[in-house]
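Enquirer: Below are the sequence and a predicted model; questions follow.
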Amino acid sequence: MENSSNPRTKKIQKNARLTTYLLGPGGDTSTAKLTEIFNKISTVDLTQNKESAIFFSNYRGNLIEITANHPLLDLKPILLPDSIPLLEKFFKEYQCYFSNQLISTSFLPSNLHITKLYKSLDRHIKKLECNILKSKDHQVHSIKNMIMDKNEVKQFLSKCITIDDLPLHILKLHQFKNYKTCQILIHEKGNTAAESLYLSKNQTLVTSKIPVIQFNKIHTIIKKSKTKLFNQTQLLNDDLGVRGTFLAREINLSKHSIIIVVSRNDFFPATVLEQEFFQEIIKNITLVLNNLLLEYLSQKKNKLLKFGLHYLDIPFEIRDPNHQIVYSNSFDTSLDYTHQDIIDANYTLFYSPYSDTTYSSDLYHFQRISLLGELLNTLRHELNNPLFGLKLTAGLLIEDSTSEETKETLSDISTNCQRCQNIITNFSLLYKNQDTFIDLNLYKLLKETLVLTKSETRGIEKEIVFADSLSTEDFRIKTNPTWLTQIIFNFIINSAQAIRLSTLDFVNQKITINVNRQNLNTQPYLIIAVSDTGPGIQKELIEKIFQPFITTKKEGTGLGLSICNYLTNKLGGKIFFSNNIPLPGATFSIELPINDLNKVS
Amino acid sequence: MNILLVEDELLLQKSLKKLLEKKGATVKVTTSGREAINMLLNENFNRIVCDLMLQDISGFNVIEEAKKKYTLEEISKLFIIMTAYSSKQVLDKADTYGCKVISKPFEDIFHTLSLFTEGGLNYDKI
């Protein structure tokens, strides 16, 4: 309220009161009536001192004649009807500009018709305001600058990505630079509470909820007002954070009612130009507000998902567009990697009334997978150190040793330590959720993946076959190595397990990785297919094969292929499956879009 | 050159001691961070090679205690940090002391050994 930084306020406070001296016969009924009227007008005081009075007032028939008694107010007598609001407005406008001493008489029309007077007064005031602004800021502000042009509006609105930004950007507008606060109330129809976004300049946004009854009260008052200019006495409400006079406007959209309030937080009323500008903004905001609100809603939803879901008693889960569960509130620990994704994609919320038994099996596995990554990371660090020590010591002992046999053994120890380290590093890379795509040698990656599957595929022949048109040794692809390795790793493990289940003799058994290139509508695709000679997939399972928790293995989690599906999507590719009819076995393949880095030569 | 090696992985400690001694350094070892603090306050080492994850305290605690005896500039010459957890936070923190950080396992053992024996704190100049 005590706003020392606003020079206008200071001046007004110094000589804010307008005074009028009542002319006329005195003592008669007309004077008494005049006294009564002026007592009701807050913007002007009656005075008995004829010399110091700024105005003279007098009854002329049914009209009140007002004359200026001030060297700077060279005002011709004005006739106004004895309506209190009208008089109030008249004096208020003078109150605003009197102290600026810029009043001139030129605006008065020759014939005093009341509507003409007002139009003229209005124009004049606008002109004055411009002058005032010029003199105040030593800047050249034209009327054109005050009103936003279309580009400016566009620019302004494009800055507002979310509704949370809106108060800040409104206050940033140079036309509102003296404004201290902006508050936006949003009521989603049907809700019992409305949201309030309150921003005080240079502070952080405060969000709160207000009961809908309060919201409606404010809404109604604002809706009824023509000027959209208010002060605290009109809208005495704790829910509004503004003080003093303020501009407010209601907006009604299909699903929301919105109230936008701006204030300088002082008692100096908004200028006509500011009012107009405010209306202009509101007009333009309405166009995009709907989009912002939809965004706001989804944001709210995400916030709820991220923070609220965890505390719900009802079992919920979030599924990605492929119906894979990415989050469930049934665990104490959530899956870390899902959080970001929930915001980006069209994830859906499902009520999951699992019985206790399903919790303990399926969901237990799910949780276990998420722990696995963490565990691997710990393992890597905890094992790396002693392995490193072992390797180093073995190396040192080789030099000291004289026996060839001991030397050889020590050398084996050293090599095996290195191998352990490599395996651990590779495994922990598998579970690193890195989003980076790098340019890599595909053949090398596939070979490394085969090394990882060594124990499962022991005794089974394995082969990597690149199509003739592709250079095997140095074929490069830009992709995420972690995800791709994980997909291929899963395929190979599945194949190996299928073969193992069907036979004990691996003589004619084989796992083949085929790499080929295809052009679909000029977009080159890379096909990586893993085929085996196992029993293939049973007919009734083919439809469900990529769904989570579908497994044929006793110890299986049913997550392998669904993770492959998920990861392939993340790589921008597609996943396929077919049985090798009439040959035995199954083929799992992924189709990845590639940039033509590798010219066919 | 007088080196203090603080490492709680015994095999690693032994090997490193041996290797450093081969390079002509005098090496004292400890597995405990607290003991390391005592040693560095009572003796003058030219170089302290310190593991970050010790059983009792962190290697950074050791450096903090060393501040009682050495200036920050001396600390940056004296200490080399070894760690298996070279995360960004660790690197940033080490940066505030100006110390070198060596990730375990070492990529090139000979290069690392020469790093350990190069430079160091010279007491003649103090």
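Expert: Yes, it's here.
Enquirer: who's in contact with the most centrally placed residue in chain B?
Expert: The residue lying closest to the centre of chain B (Cα atoms, centre = their mean) is B:Val49, at 1.7 Å. Contacts for B:Val49 were tallied using Cβ atoms under 8 Å, 6 or more residues apart in numbering or on different chains; they are B:Ile3, B:Leu4, B:Leu5, B:Val6, B:Glu7, B:Leu16, B:Ile80, B:Met82, B:Phe116. Every C-beta, even on glycine, is put in place using the N, C-alpha and C of the backbone.
Enquirer: Skip the chain neighbours and tell me the closest residue to A:Lys478.
Expert: A:Asp439 (5.0 Å; Cβ to Cβ, 6 or more residues apart in numbering or on different chains).
Enquirer: How about A:Asn191?
Expert: A:Val212 (6.8 Å).
Enquirer: picking up where we left off before, distance check, the residue nearest to the centre of chain B against chain A.
Expert: Plainly put, B:Val49 is 14 Å away from chain A if you go by Cβ to the nearest Cβ, to the nearest Å.
Enquirer: And the pLDDT at that residue?
Expert: On the pLDDT scale, B:Val49 is placed at 95.
Enquirer: Quickly find the element holding it.
Expert: Element membership for B:Val49, per DSSP states H and E: strand B:47-51.
Enquirer: what do you get for A:Leu376?
Expert: Counting by DSSP H and E, A:Leu376 is part of helix A:364-400.
Enquirer: do A:Ser208 as well
Expert: strand A:206-211.
Enquirer: What strands line up against that strand, and which way round?
Expert: strand A:193-200 (antiparallel) (DSSP bridges).
Enquirer: can I get the CA coordinates of the strand it pairs with in PDB?
Expert: Written as PDB, here are the backbone C-alpha positions of strand A:193-200 (Å, rounded to 0.1, in the frame of the first residue of the first chain):
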ATOM      1  CA  ALA A 193     -12.500 -25.800  -5.500                       C
ATOM      2  CA  ALA A 194     -10.900 -23.400  -7.800                       C
ATOM      3  CA  GLU A 195      -7.200 -23.000  -8.300                       C
ATOM      4  CA  SER A 196      -5.400 -19.800  -7.600                       C
ATOM      5  CA  LEU A 197      -2.100 -18.800  -9.200                       C
ATOM      6  CA  TYR A 198      -0.800 -15.800  -7.400                       C
ATOM      7  CA  LEU A 199       2.400 -14.000  -8.500                       C
ATOM      8  CA  SER A 200       3.900 -11.100  -6.700                       C
END
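Enquirer: For it, list every residue counted as buried.
Expert: By neighbour count on 16 or more other Cβ atoms under 10 Å in any protein chain shown, the buried set for strand A:193-200 is A:Ala194, A:Glu195, A:Ser196, A:Leu197, A:Tyr198, A:Leu199, A:Ser200.
Enquirer: Mind putting those into CSV with pLDDT?
Expert: Listed next are the buried residues of strand A:193-200 as CSV, based on pLDDT from 0 to 100:
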residue, pLDDT
A:Ala194, 83
A:Glu195, 81
A:Ser196, 84
A:Leu197, 84
A:Tyr198, 86
A:Leu199, 85
A:Ser200, 84
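Enquirer: Among those residues, find me the one that's closest to chain B.
Expert: Chain B lies nearest to A:Leu199 out of the buried residues of strand A:193-200, by Cβ to the nearest Cβ, at 34.0 Å.
Enquirer: show me the contacts for the closest one.
Expert: A:Pro167, A:Leu168, A:Leu171, A:Thr181, A:Cys182, A:Gln183, A:Leu205, A:Val206.
Enquirer: now the helix holding A:Leu376: mean pLDDT?
Expert: Mean predicted lDDT for helix A:364-400 stands at 78.
Enquirer: how about the helix or strand following the strand holding B:Val49 against chain A, any contact?
Expert: Once the chain leaves strand B:47-51, the next helix or strand it forms, by DSSP H and E, is helix B:59-66. No: Helix B:59-66 lies apart from chain A when judged by Cβ under 8 Å from any Cβ of the partner chain; the minimum separation is 13.8 Å.
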